[in-house]
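just a sequence and a predicted model for now, questions to come.
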Amino acid sequence: MDSSTTPRVIQLADQIMADIAGRGLQSGDPYLGTAEAARMLGVSTTSANRAMQLLVQRNILSRRQKRGTFVADGIHGETQRTIDRVHLVVNNTYLATEGMMADGVIVGIQSVLPHAEIEFNHLPGSDDTAWVSELIAKTARSRQAEGFVLARSSLTSQRLFQASGLPTVIFGSRFPSIQALPSIDRDHVASGRLLTKSLVEQGVNKLGVLMRSQVLPGDHSFMDSIWRTSAELGLSPNDLTMRFLPTDDQAIQHATRDLVHQHGANGLICRSQPLAESASKTIKASKQIKIQATPIAVSDVYSRNQAKLPWLTIRTVDTSESIGAKLAEILVEQAHGNAPEIAIRRLEVQLSNPSA
């Protein structure tokens, strides 16, 4: 199994630590600022800042206002760890279409587990039974304490991890019949309600909904909320049309044309950013001014350019760092032999208006 990789932010942090060691720096010695570190690493200041922030969480660096960055006490010390390695288990198909987990989640995990190694494990897009079984068996033989964060996981993988007894948290929703694994997910009911209500308030009376072809438990709550809210606001079943589509630009554009021309949709809800990007191309390319004005709203946004999106979007109130810390705290509880106090945690969401 060769599908495990070290997250980029961890690689950069390791390079900084190697640079500190190469310079022979000790606790209290000044270190590079963000811009200097970025030049040394050959990356953007944003990437360098993320890596340095992670090292602050590990107590390797400290930042003092108006004075700069210094080597901290943790450069020499080891602290007792409850989890030695955290596996971020992510579906390969999801990685290809919607990108890597936000760096902020990793930073949040390391704020709780500052000395834990963090490793991405890429689930195969199809049958993952053998892959997950091998990963669990390998972990069971390890002398290290290891925990797992499952993102967009299958029913099979959730069942196997549930049976393993290893510290595991689902970053998403549990499938029916999964009772023992804790989960953290955004509030999909609120997401569906907020997006539907906002579009109807803008004058939308025919709603098109574009969903991913792979339907997961959170999607059920999301779709139920859209139907329920639409009915409460006076729309009939004929005023709402749903399509379930692969992440294929041509397929999404064709379905979008069908929604606006054949079904009269004058507002679109897209489950993911790739769906919105493809649908937007069709809307912009229309020769009809009325169609060009079709509002688009997006529920799931995970890319790093979140602040620059031209659509109404759903965002969590919690920062990605806060979410990462919550995930790590659940793993620590399990490592101590305790069941989490709250098995299912729903993250509060809010609307974010389009950027200019």
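Received the coordinates, thanks.

hang on, Val349 packs against Arg186?
Yes: using Cβ atoms under 8 Å, Val349 and Arg186 qualify as a contacting pair, with a distance of 5.3 Å. Using the backbone N, CA and C atoms, a C-beta is placed for each residue, glycine as well.

between those two, what contacts are shared?
Ile314, Thr316 (Cβ atoms under 8 Å, 6 or more residues apart in numbering).

residue ranges of the helices in this protein, please?
Assignment of helices within the chain using DSSP state H yields the ranges 8-23, 34-41, 45-57, 92-98, 103-112, 129-141, 155-164, 188-201, 217-232, 249-261, 273-285, 289-292, 320-335.

take those and write them to TSV, including distance to Leu312.
Below are these laid out as TSV (distance: least, Cβ to Cβ, whole Å):
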stretch	distance to Leu312
helix 8-23	29
helix 34-41	33
helix 45-57	25
helix 92-98	19
helix 103-112	22
helix 129-141	37
helix 155-164	32
helix 188-201	6
helix 217-232	14
helix 249-261	17
helix 273-285	10
helix 289-292	17
helix 320-335	20
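
of all these, which one is nearest Ile83?
Evaluated with Cβ to Cβ, the helices of the chain place helix 320-335 nearest to Ile83, the distance being 5.4 Å.

got a list of contacts for the closest one?
Contacts made with helix 320-335 from outside it, assessed by Cβ under 8 Å, 6+ apart, are listed as 82-83, 86, 102-113, 145, 147-149, 167-169, 171, 182, 184, 316, 318, 339-341, 345, 347.

grab the CA positions of it and hand them over as CSV.
Listed next in CSV are the C-alpha coordinates belonging to helix 320-335 (Å, rounded to 0.1, in the frame of the first residue of the first chain):
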residue,chain,number,x,y,z
SER,A,320,-10.9,25.1,10.2
GLU,A,321,-8.4,25.2,13.1
SER,A,322,-11.2,24.9,15.7
ILE,A,323,-12.7,22.0,13.8
GLY,A,324,-9.3,20.2,13.7
ALA,A,325,-8.9,20.7,17.4
LYS,A,326,-12.4,19.1,18.0
LEU,A,327,-11.4,16.1,15.9
ALA,A,328,-8.2,15.6,17.9
GLU,A,329,-9.9,16.0,21.2
ILE,A,330,-12.3,13.2,20.3
LEU,A,331,-9.3,10.9,19.4
VAL,A,332,-7.7,11.8,22.8
GLU,A,333,-10.9,10.8,24.6
GLN,A,334,-10.9,7.5,22.9
ALA,A,335,-7.2,6.9,23.5
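
for it, the distance to its chain's centre please.
Put simply, helix 320-335 sits 14 Å off its chain's centre (Cα atoms, centre = their mean, to the nearest Å).

the closest residue to Gly74 other than its chain neighbours: neighbour count?
Of all residues beyond its chain neighbours, the one nearest Gly74 is Asn59 (3.1 Å), with distances taken as Cβ to Cβ, 6 or more residues apart in numbering. Asn59 sits with 16 neighbouring residues when counted by other Cβ atoms under 10 Å.

i'd like the first residue to be 10 from this point on
OK, 10 is where the count begins now, so the last one is Asn68.

let me see the contact set for Asn68.
Under the criterion of Cβ under 8 Å, 6+ apart, the contact list for Asn68 reads Ala81, Asp82, Gly83, Gly86, Pro123.

for Asn247, state which of the residues you listed is nearest.
Here the nearest of these to Asn247, counting by Cβ to Cβ, is Pro123; it sits at 55.6 Å.

ok, the nearest residue in space to Ile261 that is not next to it in sequence - how many residues close by?
Once its chain neighbours are removed from consideration, Ile261 has its nearest residue in Ser287; the separation is 3.6 Å (Cβ to Cβ, 6+ apart). Residue neighbour count, defined by other Cβ under 10 Å, stands at 22 for Ser287.

so how far is Ala260 from Ser287?
To Ala260, Ser287 is 8 Å away according to Cβ to Cβ, to the nearest Å.
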